[in-house]
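**Student:** build me a structure from this.
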Amino acid sequence: MFGVDSTELIIIAVAALIFIGPKDLPAAMRTVGRWVGKVRGMARHFHSSVEAMMREAELEEMEKQWRAENERIMREYPMVEQGSSQAEAGGDPMLPLGQPDERPPMLDNPDEPPLPLDDTPPAPRSRDTTELP
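**Tutor:** Numbering: from 1, shown residues only. Reported below is the predicted structural model:
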């Protein structure tokens, strides 16, 4: 972390043992450990703050790009007010513009059964002896 080699660390430990003494060395090491912990915490907090600022800057840039793209799209494709062209033409407003209404016409008498389609198979007869598995 600080670029301290193992031999340098041994020299520092021996110097601390000589100058501080064996009696006060544990208390001194505890104090040094607290200070190192505080410095690490401050470095971690600073690092996370810088990352948060970078994320916010990226989000602001993305939001600017999104707004510019949204404005371009809104200029190219202006919104059609409800009840205008398709409603006046009598088409289904749920179909996309320019699509024909492909639904079959409604029956005049809803009690009548619908006409059979040409591609439906004939209904089975009672004389058929085929068994189903």
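
**Student:** would you map the helices across the protein?
**Tutor:** Listed in chain order, the helices found in the chain under DSSP state H are 6-20, 25-76, 85-89.

**Student:** just the angle for the longest one relative to helix 6-20, thanks.
**Tutor:** With axes from the mean of the first three to the mean of the last three Cα atoms, to 10 degrees as the criterion, the two stretches helix 25-76 and helix 6-20 enclose an angle of 130 degrees.

**Student:** and helix 25-76, what does it pack onto?
**Tutor:** Secondary structure elements in contact with helix 25-76, counted by 3 or more Cβ pairs under 8 Å, 6 or more residues apart in numbering; DSSP states H and E, are helix 6-20. For glycine as for every other residue, the C-beta is placed from the backbone atoms N, C-alpha and C.

**Student:** re earlier: quick one: closest of the helices of the chain to residue 112.
**Tutor:** helix 85-89 (29.4 Å; Cβ to Cβ).

**Student:** if we can go back for a sec, need the helices of the chain in TSV with mean neighbour count, mean pLDDT and distance to residue 112, can you?
**Tutor:** Supplementary listing: the helices of the chain in TSV, determined by neighbours: other Cβ atoms under 10 Å; pLDDT from 0 to 100; distance: least, Cβ to Cβ, whole Å:
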stretch	mean neighbour count	mean pLDDT	distance to residue 112
helix 6-20	11	89	98
helix 25-76	10	94	49
helix 85-89	11	51	29
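
**Student:** look up phi and psi at residue 78.
**Tutor:** Per-residue torsions, residue 78: phi -70, psi 150 (degrees, to the nearest 10).
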